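A.B. asks: Give me the fold of what follows.
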Amino acid sequence: MQAVQAEEAWLQRSQAILQALEGQPRPDWLTGQSEQLDVKRQAQQVLDASQAIRTNVLSTGSKSHLPINPSSKPLTLLFVSFSLSESALKSIFEEASGRDDVLLVFRGPKPGQKLPALMADLKRLLKGIEPLPNIIIDPTRFQRWSVSSVPDIVVEQDGKARLHARGVSSLPWLDEQIKAGKQGDLGALGDVGEITEIDLLEEIKHRMAAIDWKHKQQQAIARFWAQQKFEDLPTAQADRDRTVDLTITAPRDLTAPNGQMIVRAGQTVNPLAKMPFGLCLMVFDATVPAQVELIRHQSCQDKQARVMYLATQLSREAGWEDLKNLETLLKSPVYLLTPDVRRRFQLQQVPAIVEQAGNCLLVRERKLPASTGERS
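C.D. replies: Numbering: from 1, shown residues only. Got it, this is the predicted structure:
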């Protein structure tokens with residue numbers, strides 16, 4: 001049988017371990033949460049371990065031959081498990097040594113077994129065998145060919161099972177069957193045993209199904225507001241109007257992608273002279289009802305400017321609910337004030353309204369009515 005090199009398609013099939021996770025229902029906003037990352041990390045560890053087995057991690061000096069399986073060439077998959085005796089496994093490893101057309105396929109680690117322990121077991125059985133046989137961990141192939149016991153042989157070609165036999169692991173016997181033109185499902189030809197190792201894909205599905213996503217959602221919401229950093233500003237004690245000059249001096253030449261000079265080093269530029277601001281910023285502390293009420297009744301001098309509401313703080317206990325109610329009251333989206341916006345517009349006290357006045361920005365800080373100002 002003509003030797004084959006191991007295929008890039010192997011990795012793609014193994015990647016189904018991760019792709020299978022993507023089909024599990026979960027809230028989009030929870031992507032990246034610890035529970036999701038944990039099961040993905042486990043799947044990735046199995047892929048990494050499988051690649052390590054196929055290279056030289058288990059080798060004491062020799063390297064395994066990494067097969068590529070062009071679709072027109074047959075590839076023998078010999079499904080095995082540690083439920084087979086160590087002598088039987090060692091015999092299988094020895095027969096597969098030097099066979100680039102053979103892959104020995106494990107389903108995963110044993111229940112409760114860590115991957116390093118699995119690697120150690122394999123390394124011990126492979127001691128003295130050179131060159132190393134090609135060994136992979138690939139639960140997707142167990143599922144694809146409905147392998148439920150071992151040993152099990154599938155000769156894979158053009159995406160189909162050219163020959164399938166259970167209860168036999170002899171590669172010389174298999175070669176004779178192929179030479180004799182045997183094809184199809186030959187059935188059970190010997191004793192078979194159970195598969196000791198877990199099906200990683202099923203394990204991941206069970207873990208995903210067992211997660212209480214509603215509870216995780218509540219936890220994530222609580223974490224978001226507990227960890228949120230607010231740009232807290234003091235309450236204005238008097239009405240005050242200030243102007244902010246946005247003029248800057250260019251520290252170096254600024255050119256467009258086509259090489260055209262935009263600003264030369266040392267040149268002063270006021271962006272408001274080139275382009276209108278177009279916004280009217282309403283900045284306030286959303287935890288202070290009086291500030292919300294005051295901002296709600298403020299108007300902008302430029303009636304064409306787009307109003308944007310910026311909150312310096314929101315309730316940590318009822319953040320999303322308060323935000324929803326606030327947007328309903330103001331009939332507009334509400335954003336959190338960010339450090340760069342606070343610095344850029346030199347915001348000092350709230351409530352404040354920021355809008356353009358000529359070539360400057362006008363910041364109007366407003367004192368709250370008497371007997372108000374306490375936070376909710």
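
A.B. asks: only C-alpha atoms for contact and neighbour calcs from this point on.
C.D. replies: OK.

A.B. asks: I'd like the average pLDDT over the host helix or strand of residue 173.
C.D. replies: Secondary structure from DSSP states H and E places residue 173 in helix 171-179. Taken as a whole, helix 171-179 carries a mean pLDDT of 94.

A.B. asks: what do you get for stretch 133-141?
C.D. replies: The average pLDDT within stretch 133-141 is 89.

A.B. asks: what's in contact with the helix holding residue 173?
C.D. replies: With contact meaning C-alpha atoms under 8 Å, 6 or more residues apart in numbering, helix 171-179 is reached by 95, 96.

A.B. asks: Alpha carbons only: can I get it in CSV?
C.D. replies: Extracted in CSV, the C-alpha atoms of helix 171-179 (Å, rounded to 0.1, in the frame of the first residue of the first chain):
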residue,chain,number,x,y,z
LEU,A,171,-2.4,-4.9,10.3
PRO,A,172,-0.8,-7.8,8.4
TRP,A,173,-4.3,-9.5,8.4
LEU,A,174,-5.8,-6.2,7.1
ASP,A,175,-3.2,-6.0,4.3
GLU,A,176,-4.2,-9.5,3.2
GLN,A,177,-7.9,-8.6,3.2
ILE,A,178,-7.2,-5.5,1.0
LYS,A,179,-5.0,-7.5,-1.4
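
A.B. asks: Would you mark the buried spots in that helix?
C.D. replies: Residues of helix 171-179 classed as buried: 171, 174 (neighbour count, 16 or more other C-alpha atoms under 10 Å).

A.B. asks: helices and strands around whatever helix or strand comes next after that helix, which ones?
C.D. replies: Per DSSP H and E, the first helix or strand lying C-terminal to helix 171-179 is strand 184-188. If you count contacts as 3 or more C-alpha pairs under 8 Å, 6 or more residues apart in numbering; DSSP states H and E, strand 184-188 packs onto strand 160-166.

A.B. asks: just checking, what packs against the strand it packs on?
C.D. replies: On a contact count with 3+ C-alpha pairs under 8 Å, 6+ apart, strand 160-166 meets strand 152-157, strand 184-188.

A.B. asks: Can you tell me the strand partners of the longest one and which way each runs?
C.D. replies: It stands for strand 152-157. strand 75-79 (antiparallel), strand 160-166 (antiparallel) (DSSP bridges).

A.B. asks: Please identify the most buried of those strands.
C.D. replies: Ranked by mean neighbour count, the strands paired with strand 152-157 are led by strand 75-79 with a mean of 24 (mean count of other C-alpha atoms under 10 Å).

A.B. asks: list the buried ones in the helix or strand just after it?
C.D. replies: Beyond strand 75-79 on the C-terminal side, the first helix or strand identified by DSSP H and E is helix 86-96. Neighbour counts using 16+ other C-alpha under 10 Å place 89, 90, 92, 93, 94, 95, 96 of helix 86-96 among the buried residues.

A.B. asks: want to throw the residues you listed into CSV with pLDDT and distance to residue 328?
C.D. replies: Below are those laid out as CSV (pLDDT from 0 to 100; distance: C-alpha to C-alpha, whole Å):
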residue, pLDDT, distance to residue 328
89, 96, 68
90, 95, 71
92, 96, 70
93, 96, 69
94, 96, 73
95, 96, 73
96, 95, 70
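
A.B. asks: wait, which of those residues is closest to residue 195?
C.D. replies: Proximity of these to residue 195 (C-alpha to C-alpha) peaks at residue 89, which lies at 13.3 Å.

A.B. asks: Roughly how far does that closest one sit from residue 82?
C.D. replies: From residue 89 over to residue 82 the distance is 8 Å, taken as C-alpha to C-alpha, to the nearest Å.

A.B. asks: any idea how far residue 136 is from residue 112?
C.D. replies: Applying C-alpha to C-alpha, the value for residue 112 to residue 136 is 19 Å.

A.B. asks: Which of the three states applies to residue 292?
C.D. replies: Each residue gets one of three states, and residue 292 gets helix by DSSP: H, G, I helix; E, B strand; the rest coil.

A.B. asks: can you count the residues close to the residue lying closest to it once chain neighbours are set aside?
C.D. replies: Leaving out its chain neighbours, the residue that sits closest to residue 292 by C-alpha to C-alpha, 6 or more residues apart in numbering is residue 286, at 6.0 Å. Around residue 286 there are 25 other residues, counting by other C-alpha atoms under 10 Å.

A.B. asks: what's the nearest residue to residue 231 once chain neighbours are set aside in contact with, if anything?
C.D. replies: Using C-alpha to C-alpha, 6+ apart and skipping the chain neighbours, the partner closest in space to residue 231 is residue 312 (5.2 Å). Residue 312 makes contacts with 230, 231, 232, 233, 283, 284, 285, 286, 336, 337, as judged by C-alpha under 8 Å, 6+ apart.
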